[in-house]
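# Just to be clear, the model below is a prediction. Sequence and coordinates:
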Amino acid sequence: MEFRKELLADINVENRIPILRMALLMEAQISDLIANLLGMEDYKTAKSLNKSSSLSFNQKIMLLIDIGALDKEAQTIFTKFMEIRNVFMHDIWADTYEKCVAKIDGLEKWLLKTYEQDKNLPKELQLRSAIESLCSAVIGNTLRIVELVIERSVGNDPMKAINAYMKGDALKDVANHLDCVSKTIK
C-alpha cells in the first residue's frame with residue numbers, strides 16, 4: 001500500500017488543536033490531583049499516573065468518583081469530552097465538529113439537549129458552540145475538584161494550610177491556562 005501524500009495536505013487541525021490542548025491540561029491536572037490525594041510527591045514520576053502502562057483517563061475518573069471528588073454528572077461531562085478528543089485525535093476524516101460528533105453514538109443529541117443552541121444556526125456552529133460549553137463545564141469541574149482536594153488536605157495542620165494557599169495560586173494558574181485554551185476553541 002502506497003503512502004498517500006495528499007492526506008498530509010488535507011489534514012485539518014484547526015478544530016483539533018484546542019481540544020488536544022485542553023485534554024492534555026485537564027488530564028495532567030487530574031493526575032496531579034490524584035497524586036496529591038494519595039500522598040505522592042510528583043505524578044510525573046509515578047508509574048501508575050504517567051507511564052505507558054498508567055491508569056487510563058476513565059480509571060482516573062472512576063477513582064475520583066470512588067473517593068467522592070466527582071459525581072456521575074461530572075463523569076459524563078469528562079467522558080463526553082474525552083470521546084470527542086479521541087475521535088479528533090485518532091480519526092483523520094473527523095476534521096469538523098459535525099464529522100467528529102457523528103462518529104460517537106448519541107453525542108449530538110446529548111450535546112444539543114444539554115447545551116441548547118439556536119436551531120437556525122448551521123449544524124457545525126451549533127455543535128462547535130455546544131462543545132465550547134462542554135469545555136467550560138470541564139474547566140469548572142476540574143477547578144471544583146482542585147478546591148475539594150485543597151479543602152480535604154488542610155484539616156488542622158498549619159503547614160498544610162500554607163501548602164493549600166500555594167495550591168490556590170496554582171489553581172489560579174490552572175484556571176488561567178484552561179481559560180486560554182477555552183478561548184482558542186471559540
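On my side now, so go ahead.
# burial count for Lys44?
13 (other Cβ atoms under 10 Å). Using the backbone N, CA and C atoms, a C-beta is placed for each residue, glycine as well.
# who touches the residue nearest to Lys103 when sequence neighbours are not counted in this structure?
Using Cβ to Cβ, 6 or more residues apart in numbering and skipping residues adjacent in sequence, the residue nearest Lys103 is Val87, 4.8 Å away. Going by Cβ atoms under 8 Å, 6 or more residues apart in numbering, Val87 touches 94, 100, 103-104.
# Look at Val87 and give its secondary structure.
Following DSSP: H, G, I helix; E, B strand; the rest coil, the label given to Val87 is helix.
# Tell me the spacing between it and Ser54.
22 Å (Cβ to Cβ, to the nearest Å).
# hmm, back to that, ok, the residue nearest to Lys103 to Ile77 distance?
17 Å.
# again, but for Ala69
For Ala69 relative to Ile77 (Cβ to Cβ), the value is 14 Å.
# contacting residues for Ser48?
So Ser48 contacts 54-55 (Cβ under 8 Å, 6+ apart).
# Over to it. Which of the three states is it?
coil.
# buried residues in stretch 118-127?
Judged by neighbour count (16 or more other Cβ atoms under 10 Å), stretch 118-127 contains these buried residues: 123, 126-127.
# what about the helices in this structure?
Along the chain, the segments classed as helices by DSSP state H run 5-10, 16-37, 57-66, 72-90, 97-102, 107-114, 123-154, 158-185.
# Now do the fourth one: distance to the chain's middle.
Put plainly, it is helix 72-90. 7 Å (Cα atoms, centre = their mean, to the nearest Å).
# Same question for the fifth one.
Taking the mean of its C-alpha atoms, helix 97-102 sits 18 Å from the chain's own mean (Cα atoms, centre = their mean).
# if we can go back for a sec, got the buried residues of stretch 118-127 as CSV, with distance to Asn15 columns?
Below are those laid out as CSV (distance: Cβ to Cβ, whole Å):
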residue, distance to Asn15
Lys123, 14
Gln126, 14
Leu127, 10
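# Leu134 is in contact with Ile77, correct?
Yes: contact criterion Cβ atoms under 8 Å: Ile77 and Leu134 qualify, at 6.6 Å.
# In this structure, what helix or strand scores lowest on average pLDDT?
The weakest-scoring helix or strand in the chain, judged by mean pLDDT, DSSP states H and E, is helix 158-185 (a mean of 56).
# could you point out where the protein is predicted with low confidence?
Applying pLDDT under 70 to the chain flags the ranges 1-10, 152-186.
# measure Ser56 to Leu49 for me?
11 Å.
# who's more crowded, the two?
Each of Ser56 and Leu49 has its neighbours counted (other Cβ under 10 Å); Leu49 has more, 21 against 9.
# tell me the contacts of that one?
Leu49 touches 31, 34-35, 40, 43, 55, 60, counting by Cβ under 8 Å, 6+ apart.
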